[in-house]
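Undergrad: what would the 3D arrangement of this be:
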Amino acid sequence: MQPQVPDSEASTPTPALPPRRFYTTAARLLEVDPKQLLKIASIILLVLWCVWWAVSLQKGTLVGYESRGWFGPYFGIDYTRNTDGPTRIWLAGNDPYEDKDLLFCYPPPVLRMFAWCGWFTPEQSLRIWIVGIGMIAAAGAWAAWRCRQKLQLSEIPMTTAVAAILFSTPVVFAMERAKYDMLVLLFLLIGIACWRSNSLWAQLAAGAVLALAPWAKLYPGLIGLGLLGLHRGKTLAAFVIVGLAIGLSDIDEMRRFLTNNDIHIAKANYLSAIAPPTQVHAWNHSLTENWPRIWHNTPLWLLGKINGKLAGGTILATLLLWVTWHVHRCPDRNRFAYPYLLWVVALATFVPPIANDYTLMFLPLAAVALWDRRAPVLVHVSMLCLALWWQPLG
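TA: You can find the predicted model right below:
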């Protein structure tokens with residue numbers, strides 16, 4: 001006969017063994033949200049980016065990139081030679097357009113935009129502007145991330161969006177050369193912020209700010225068609241009127257600018273004519289200029305016989321009109337006004353004969369704002385191809 005067990009002992013549960021700390025830690029690590037891991041990795045990348053550029057600014061060269069990139073290292077040369085130098089000549093009361101060896105070929109308002117450089121030495125102003133390029137690019141990435149939220153696309157951490165833009169080829173290229181095309185992005189951000197108010201003055205202010213973009217670089221003139229597609233009639237009117245007023249403010253200075261610009265284009269056409277027919281620079285994306293080289297030694301070589309301006313212009317104009325027509329018909333167009341205008345400006349950069357890739361920073365920003373996992377397969381394949389260029393290593 002089995003011995004009787006008291007009721008109090010029978011009802012007492014067997015105490016569970018305490019979990020081992022190793023296994024709970026491992027399980028906790030395995031349960032980490034992928035988005036959290038992505039956020040942590042992005043923060044690490046941003047810290048490395050800041051350290052990289054801090055050291056590069058101190059040494060006056062893009063550290064570690066000389067043999068790894070696909071554009072040659074000429075640290076700050078476009079700023080010191082083509083922006084800071086001519087601006088100091090203008091501040092001294094002389095004519096920066098007079099020296100045909102220097103050949104200053106930027107619009108006259110650029111001299112006013114960079115008049116602040118006179119308060120600093122050339123070395124100081126170069127560092128300030130390079131830091132400014134990074135800050136504007138980061139602001140553009142943040143705006144693209146906010147656009148994703150408003151469009152309810154798949155979520156990514158804000159730090160990931162910023163890191164993806166700051167490490168992109170055009171931003172690294174623009175900072176290394178200290179180009180000022182990033183001003184176009186700044187004017188876009190300010191202009192779009194202005195028209196969030198429906199008041200008349202806000203619409204006019206937006207157009208006035210956006211009118212500065214074509215007077216920094218000529219290719220953003222297509223913003224006007226973008227405003228038409230967005231039904232921004234008042235902003236478009238201010239854009240045109242202010243733009244014309246700027247151009248007519250000093251006819252003689254504008255004439256000297258156009259003369260130097262013609263000389264610059266003539267030199268570019270000469271260099272293109274003597275270049276090997278198969279040479280397409282990895283960092284130049286001019287469709288009109290590279291058209292015959294694209295088809296050279298291919299089964300479709302006859303396409304290369306078509307005039308590049310005609311062929312490239314037809315393709316780009318078709319894309320622009322097709323997209324703008326759909327935007328025009330969309331009742332909710334204002335929610336994606338920012339990536340649409342980014343795309344319009346990016347498309348415009350394929351037109352000039354000289355289109356170095358630092359001008360194409362608008363395309364990655366548009367991708368960050370709109371690329372979603374629910375997109376068609378063809379979009380994902382195209383974006384993977386773009387990713388080869390997006391990363392800055394050659």
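Undergrad: pretty sure I128 is touching F120, no?
TA: Yes. Applying C-beta atoms under 8 Å, one finds I128 in contact with F120, separated by 6.6 Å. C-beta coordinates here come from the backbone N, C-alpha and C atoms, glycine included.
Undergrad: buried residues, stretch 187-207. List them.
TA: 187-189, 191-192, 194-195, 202-207 (16 or more other C-beta atoms under 10 Å).
Undergrad: closest to L57 out of those?
TA: Using C-beta to C-beta, L189 is the member of those that sits closest to L57, with 24.1 Å.
Undergrad: what about whatever helix or strand L347 lives in, average pLDDT?
TA: Under DSSP states H and E, the secondary-structure element containing L347 is helix 337-348. Here the mean pLDDT over helix 337-348 is 95, rounded to a whole number.
Undergrad: determine the next helix or strand in the C-terminal direction from that helix.
TA: Beyond helix 337-348 on the C-terminal side, the first helix or strand identified by DSSP H and E is helix 362-370.
Undergrad: ok, residues contacting that next one?
TA: Defining contact as C-beta atoms under 8 Å, 6 or more residues apart in numbering, one finds that helix 362-370 is touched by 140-141, 143-145, 147-148, 151, 153, 161, 164-165, 168, 170-171, 184-185, 336, 338-339, 342-343, 345-346, 349, 383, 386, 390.
Undergrad: just the buried residues of those residues.
TA: Applying the neighbour count, that is 16+ other C-beta under 10 Å, the buried entries in those are 140-141, 143-145, 147-148, 153, 161, 164-165, 168, 170-171, 184-185, 336, 338-339, 342-343, 345-346, 349, 390.
Undergrad: just the ones in helices from the buried residues of stretch 187-207, please.
TA: Taking DSSP state H, the ones among the buried residues of stretch 187-207 that sit in helices are F187, L188, L189, G191, I192, C194, A202, Q203, L204, A205, A206, G207.
Undergrad: distance of the third one relative to G140?
TA: For L189, the distance to G140 (C-beta to C-beta, to the nearest Å) stands at 6 Å.
Undergrad: could you do the first one as well?
TA: When distances are taken as C-beta to C-beta, F187 and G140 turn out to be 11 Å apart.
Undergrad: wait, A139 sits on L188?
TA: No. The pair A139 / L188 is not scored as a contact, 10.5 Å apart, by C-beta under 8 Å.
Undergrad: closest to I263 among the ones in helices among the buried residues of stretch 187-207?
TA: Of all those, I263 sits closest to F187, with 27.3 Å by C-beta to C-beta.
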